[in-house]
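Visitor: this is a predicted model, with the sequence first.
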Amino acid sequence: MEENIYRQQVGENIKRFRLKRGLSQTELAQAIGKKSPAYMAFIEKGQRNININDLLLLTTVLKVKIQNLTECEKKI
């Protein structure tokens with residue numbers, strides 16, 4: 001249960017910064033070497049785990065620190 005809440009929060013953070021940068025899911029997926037925007041959709045919805053390599057690539061593309069993507073505002 002706690003893992004799901006954390007995945008959702010990370011996904012929401014990624015989506016927030018993606019939108020702030022004016023990127024679509026397709027553009028962001030391509031920027032980190034993924035062929036399908038569905039990958040980003042699953043991540044943003046908290047339905048899939050993200051690996052550390054992709055998380056680090058996202059920090060570069062979105063120009064944020066890893067803490068910005070991994071901070072959790074919801075109580076776990």
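Guide: Perfect, I can see it now.
Visitor: all contacts plus neighbour counts: C-alpha atoms, from now on.
Guide: Will do.
Visitor: where does pLDDT dip in the protein?
Guide: 1, 74-76 (pLDDT under 70).
Visitor: center of this structure - which residue?
Guide: In the chain, the centroid-proximal residue (Cα atoms, centre = their mean) is Ile14; its distance is 3.4 Å.
Visitor: buried stuff in the one helix or strand it maps to?
Guide: Using DSSP states H and E, Ile14 sits in helix 2-20. Neighbour counts over helix 2-20 (16 or more other Cα atoms under 10 Å) mark Tyr6, Arg7, Gln8, Gln9, Val10, Gly11, Glu12, Asn13, Ile14, Lys15, Phe17, Arg18 as buried.
Visitor: verify the stated contact: the fourth one with Gly46.
Guide: Yes - contact status for Gln9 versus Gly46: in contact at 7.4 Å, counting by Cα atoms under 8 Å.
Visitor: quick check: phi and psi on the nearest residue to Tyr6 once chain neighbours are set aside?
Guide: Closest residue to Tyr6 apart from its sequence neighbours, by Cα to Cα, 6 or more residues apart in numbering: Cys72 at 6.6 Å. Phi and psi for Cys72, reported as degrees, to the nearest 10, are phi -120, psi 120.
Visitor: ok, and what's touching stretch 21-30?
Guide: Contact with stretch 21-30 is made by Arg18, Lys35, Ser36, Pro37, Ala38, Tyr39, Met40, Ala41, Val61, Leu62, as judged by Cα atoms under 8 Å, 6 or more residues apart in numbering.
Visitor: all set, thanks.
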